[in-house]
Structure formats: C-alpha cells, structure tokens
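S.K.: Kindly return the folded structure for what I paste below:
(one chain, ligands or ions: 1)
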Amino acid sequence: MDSELQNKDRDLIWHPYTQMKDALPFIPMVRGEGSYLYDEKGEQYLDAVSSWWTNIHGHGHPYMAAAIYAQAQKLEQVIFAGFTHPSAILLAEMLLQRIPFHQKIFYSDNGSTAVEVAIKMALQLYWNKGQQRKKIVAFKDAYHGDTFGAMSVSARGVFTAPFQNLLFDVEFIPTPVPGDEQQALNELTALIERYGPDEIAGFIFEPLVLGSGGMLMYSAQILDDLIDVCKANNIITIADEVMTGFGRTGKFLATDYCRNKPDIICLSKGITGGFLPFAATTCTQEIYEAFLSNDKSKMFFHGHSYTANPLGCAAGIASLELFEKEGTLDKTMQIEKWHRAFADSINEDPSIKDVRVTGTIVAIELKTEGAGGYLNNIRDKAYAFFMDRKIILRPLGNIIYILPPFCTSSNDMQRIYSAIRDFLGRL
Ligand SMILES: *Cc1c(COP(=O)(O)O)cnc(C)c1O
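M.R.: Just a heads-up that it's a prediction; the model follows:
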C-alpha cells in the first residue's frame, strides 16, 4: 500500500530521468545522517551514490546546517549585479587559493549553468578579439548537463536524440580510455589540421572520469598530452569538474593530477558539500581581461537570479572548512584503498568485463547480452537487488558504480562490497 505522501507525489510531481508510466512509487525520505537516509517509516538506506554525486561530508552534517542557518539569519539573497556580499568574497578567496592558476570566479547555480558559462566565455572571448573561432571539441562519451549548450557538447545518444537537429555542431574525438589514447590524440591533431589554426575555440572534457558516459576512466598523462596540443594552438581548455571536483578522485580536483592546467574550470555538485544548488566557473586573468573594454557590447552577457546566492556561498565556505577540520582528502585516499582491494578481489569474476577505480569511484562493467548502454535491462534488476538490501546504487546500464559520501565507514563500505559480490554470484 502506498503512503499518503506517495499518493500525493504521484498526483503532483514529474520526476527527473524517470519513465513515469511504470515508475515504482517514490520513496519519501524524511531525514539524513552521515551516509544514511531514512524514509517515512524510519527505514535506513545506505546512500552509495552520494545522492546524485553531490554529498561530500555526509547528510545532515551539523556544521554545514549551522553555517547555512547563520547565513539565512543575516542575508539570504541579494542581487549580484551592482552588489556583492562577504560570503561571496570569502568563498572566492578560499576556492581560488586551491586553484592558484585561476584569478577570477563566476558564480551560477548548477552544473549545467557552470558549463554554459564556460562555453560562452570561450566563444565570446574570441568574438571580443574579432576572431572567428567557433568550434568546440569534446569527447564522444561526454556528459556536460541537460541545457541546450551543455547537451550540444555531450554525447549524441538516447539523452539528446529528441533534440538532435537543434544542437550546435561539435567535433567529437574518441574518449582516451586505455587503448584509445593515441587515437584521441591523432584525431585532435587531425581536426586542427583540417580546420586550420583559427577555427577551434575550445576543448571541453571531464577530467579522468566521464561520469554519465559510464564511469569511463583515463589517465592524467593522456589528458596532459591533449592539453599540450590545445595550448600550442590557442584552444581554450575547459575542465568540467562538476562531478570530479572536491576530492571525488582523491585530490581536490581531478586536474590536480595533471602537469597542465585548464584555462576554465566548472564546479558544482560537491561545491556546497551537497547541501544546496550552487556552481562556479573559474578562469584565468587572461580570459577575464578579454572582456574588459570601453565598449559595453563586450561585457559577459550572462547571469542567473540566484548568482552567488549567500546561502550557497555559506555552504561552500563551511564545506571547505570541513575539508581542513576533518581531513577530508585523507578519507578519500582511504576509500580508494578499500576500492582497490575490492576491485582486485572481484577482478577474475566471469561476469565482469572490466573493473576500474579512480579515487572514491569504483566502476564494475558487467558482460551483457544484447545492447549495452544506459537502457540496458540489467540496470533495473541490479537496482532492485540493492534496494532490497537498503543500499542505494543506481547503475548506468550495465555499469555498477559506487560513489560514496567521504564519511562512509569501513563497515558500510564492506556492506556495499558484499552486496555487489552477492549480485555477481547470481549472474
Ligand atoms: C552532473 C553533471 C553536470 C550537470 O550538472 P547539473 O547540476 O545536473 O546540471 C555537468 N557535468 C558533469 C560532469 C556532471 O556530472
């Protein structure tokens, strides 16, 4: 029997990424603490996907909650054109300290908008300079968000099919997963030869891990090589760290593993510790200066109602303080060690095609009958299996992945691993 909340939900609400026709009743969650969520009946669920890759320090963290409450009592929102506020400035200071090769930060409110801002910066930069560069390069398995610009630079597939003709043209190169590195490099070089030196404006990429594309992982070395080629050709490099940022890959940013630094970085998801919708796009002084002019038409025409929302800024500050207070990056390295031991232990399983680890993310690619990809049937079976065990895992097609809050304990990690082992045993 569905609860009253579930009935009302069904009457009123359209949920994301869900075929509503045959959706199971949505589970009303009423409380969160640490790695756990609690439903209306008090049932406990282990959040092994950090509530869509957002949570960092755990649910309901009292330090985060107190910081947001304190900010709400002082100033909850202010128009960010003509005005500023102390929390926006402090967060900028703290973030740019961790991104010392960038000098400016542009705030927005979600991952897709952080990406839109980055793309528009790269394109308008050349327009302001009177150059005709307008092509963007991306990986063929990329995911950069659901707004039109972000969809345009994302993989052409089931997510984007209904809008295909309306997306702007993008040049896709192979994702440089092991074995395809040289091909990616060759195709990037070939594109530059084909278009000449003054056509490609930017290269956008998810550093080291392509999330929605199936937790595809590649090396910092090949990313450095690709960025080298871009730098030699004045192509703006845009690191979409929306998922990988804030310790997700074991360092503060995934590009911290690289010797080369991107010109623009997109941040969201973990930026508020997972408490509030918020985002930032950071860039070099050089990019910023290309918009300085006596001509008003060269300003950056972009902004959102909630740009630099004070509550989001306060959450961002508190989350960065927790990184120091709680040794958060050490926790991510511990999780990586557990993941690696687990990956080694299941490596030989006959139902597994590949198992890979980067930082706090472990991905297990299953061998499957029929088509792979996001809509693969095994996904529903796996999801239900783990939900029966009160573990929230949300496989991407035939890829089961764990992407936990960094506070997840050894015991809880082992519970997740052993549920996955059970699942593999039944295949
Ligand atoms: C989730 C995600 C986005 C989009 O962020 P939203 O907040 O969902 O709009 C963009 N890029 C990457 C790499 C992501 O994982």
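S.K.: Please make it C-alpha for all contacts and neighbour counts, starting now.
M.R.: Will do.
S.K.: How about the residues of the stretch 1-150 of the chain by the ligand?
M.R.: 110-112, 143-145 (CA under 6 Å from any ligand atom).
S.K.: Neighbour-wise, give me the winner out of these.
M.R.: residue 144 (31 neighbours; other CA atoms under 10 Å).
S.K.: Can you list the residue ranges for helices in this structure?
M.R.: Here the chain has its helices, by DSSP state H, at 4-12, 50-53, 62-74, 86-98, 111-128, 148-152, 181-195, 220-232, 285-289, 310-325, 328-346, 378-388, 410-425.
S.K.: tell me what the fifth one is packed against?
M.R.: So the one you mean is helix 111-128. Contacts defined by 3 or more CA pairs under 8 Å, 6 or more residues apart in numbering; DSSP states H and E place helix 111-128 against helix 148-152, strand 200-205, strand 236-240, strand 264-267, strand 279-283.
S.K.: cool, the last one as well?
M.R.: Using 3+ CA pairs under 8 Å, 6+ apart, the elements in contact with helix 410-425 are helix 328-346, helix 378-388.
S.K.: Any chance of the ones you listed in CSV with distance to the ligand, mean pLDDT and mean neighbour count as columns?
M.R.: Shown next, in CSV, are the helices and strands packed on helix 410-425 (distance: least, CA to the nearest ligand atom, whole Å; pLDDT from 0 to 100; neighbours: other CA atoms under 10 Å):
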stretch, distance to the ligand, mean pLDDT, mean neighbour count
helix 328-346, 18, 98, 18
helix 378-388, 19, 95, 17
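S.K.: okay, those helices in CSV with distance to residue 76 next?
M.R.: Below are the helices and strands packed on helix 410-425 laid out as CSV (distance: least, CA to CA, whole Å):
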stretch, distance to residue 76
helix 328-346, 28
helix 378-388, 37
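S.K.: Could you point out which of those helices sits nearest residue 427?
M.R.: helix 378-388 (9.9 Å; CA to CA).
S.K.: how far out from the middle of the chain is the closest one?
M.R.: 23 Å (CA atoms, centre = their mean, to the nearest Å).
S.K.: what angle sits between it and helix 410-425?
M.R.: Here the directions of helix 378-388 and helix 410-425 differ by 140 degrees (axes from the mean of the first three to the mean of the last three CA atoms, to 10 degrees).
S.K.: CA atoms of helix 378-388 as CSV?
M.R.: C-alpha atoms of helix 378-388 as CSV (Å, rounded to 0.1, in the frame of the first residue of the first chain):
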residue,chain,number,x,y,z
ILE,A,378,20.3,-5.5,-16.1
ARG,A,379,20.2,-2.0,-14.7
ASP,A,380,16.7,-2.5,-13.3
LYS,A,381,17.5,-5.9,-11.9
ALA,A,382,20.6,-4.6,-10.1
TYR,A,383,18.8,-1.5,-8.8
ALA,A,384,16.0,-3.6,-7.3
PHE,A,385,18.5,-6.1,-5.8
PHE,A,386,20.4,-3.4,-4.0
MET,A,387,17.3,-1.6,-2.9
ASP,A,388,16.0,-4.8,-1.3
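S.K.: contact partners of it?
M.R.: 368, 392-399, 419, 423 (CA atoms under 8 Å, 6 or more residues apart in numbering).
S.K.: contacting residues for the residue in the stretch 301-427 of the chain that the ligand sits nearest to?
M.R.: Per CA to the nearest ligand atom, residue 403 is where the stretch 301-427 of the chain lies closest to the ligand, at 11.9 Å. Taking CA under 8 Å, 6+ apart, we find residue 403 in contact with 48-50, 53, 360-362.
S.K.: Out of those, which end up buried?
M.R.: 48-50, 53, 360-362 (16 or more other CA atoms under 10 Å).
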